[in-house]
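> Compute the structure for the input listed below.
(one chain, ligands or ions: 1)
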Amino acid sequence: MSDADTRADTATADPTGSARLETQVCPGCRAVLVAVPGPASRVPGASASCAALFEVTVRGLREEAAQDVRTAALLQLATDAYAAQHLPDGEPAAAAVLLCLWLERGTDPLRAGELAGRVDDVAPRLPSRPARWTTTVADLAADLDVVDLPALVPSWADAVWADWGPAHPAVRAAADAVLAAGR
Ligand SMILES: [Zn+2]
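Residues are numbered from 1 along each chain as shown. This is a model prediction of the structure:
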């Protein structure tokens, strides 16, 4: 046995070493995830590990979105579902308004860029956010082995929208104002 092997064995057996991973609770979706090294999250309202997990989960969609409109629409839905679950404190709920447009008003998610200004104008500041979330990006990532994103993302978005239930009247009114302004 070489010295290197001995050191490797010792490291593996060390109960206070790398086996004890630090976790962090996401302030948005409250998923408990292993903390990732590096700077704090660049996504307001999300832990760094949650934001990183989302990026890994949708990486394939990002790579294909430029070539395929259905993938681009799916990526938009995923982006807004994630944002609606990670609304920073005090910010208008623009992502919830977008989810309402895509899921309840049949608006094409590819119109997101065109509608963004109007959505920002009318998005309500909601007094509270859902107490619990049915599905998080951690659930999504865990299911990805057996179900693919075109099935997972819409059901996740539906769950996020349903979790926002008490705010539906205010969000629907804003979504309809967006559509009325476009007529
Ligand atoms: Zn999160």
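
> drop to CA atoms for contacts and neighbour counts, all remaining ones
Noted.

> Just the pLDDT for residue 127.
Confidence at residue 127, expressed as pLDDT, is 88.

> sorry, that was for residue 167
96.

> burial count for the closest residue to it other than its chain neighbours?
Leaving aside its sequence neighbours, residue 167 sits nearest to residue 126 (CA to CA, 6 or more residues apart in numbering; 7.2 Å). Counted with other CA atoms under 10 Å, residues neighbouring residue 126 total 15.

> And for residue 148?
For residue 148, the neighbour count with other CA under 10 Å is 12.

> quick revisit: how about the residue nearest to residue 167, secondary structure?
At residue 126 the chain is in coil, as set by DSSP: H, G, I helix; E, B strand; the rest coil.

> and it, what is it in contact with?
Residues in contact with residue 126, defined by CA atoms under 8 Å, 6 or more residues apart in numbering, are 90, 92-93, 167.

> Tell me, how many residues neighbour the residue in the chain that the ion sits nearest to?
Among all residues of the chain, residue 29 sits closest to the ion, at 4.0 Å; criterion: CA to the ion. Using other CA under 10 Å, residue 29 has 27 neighbouring residues.

> In contact with the residue nearest the centre of the chain, which residues?
For the chain, the residue nearest the mean C-alpha position is residue 82 (2.0 Å; CA atoms, centre = their mean). By CA under 8 Å, 6+ apart, the contact set of residue 82 is 54, 137.
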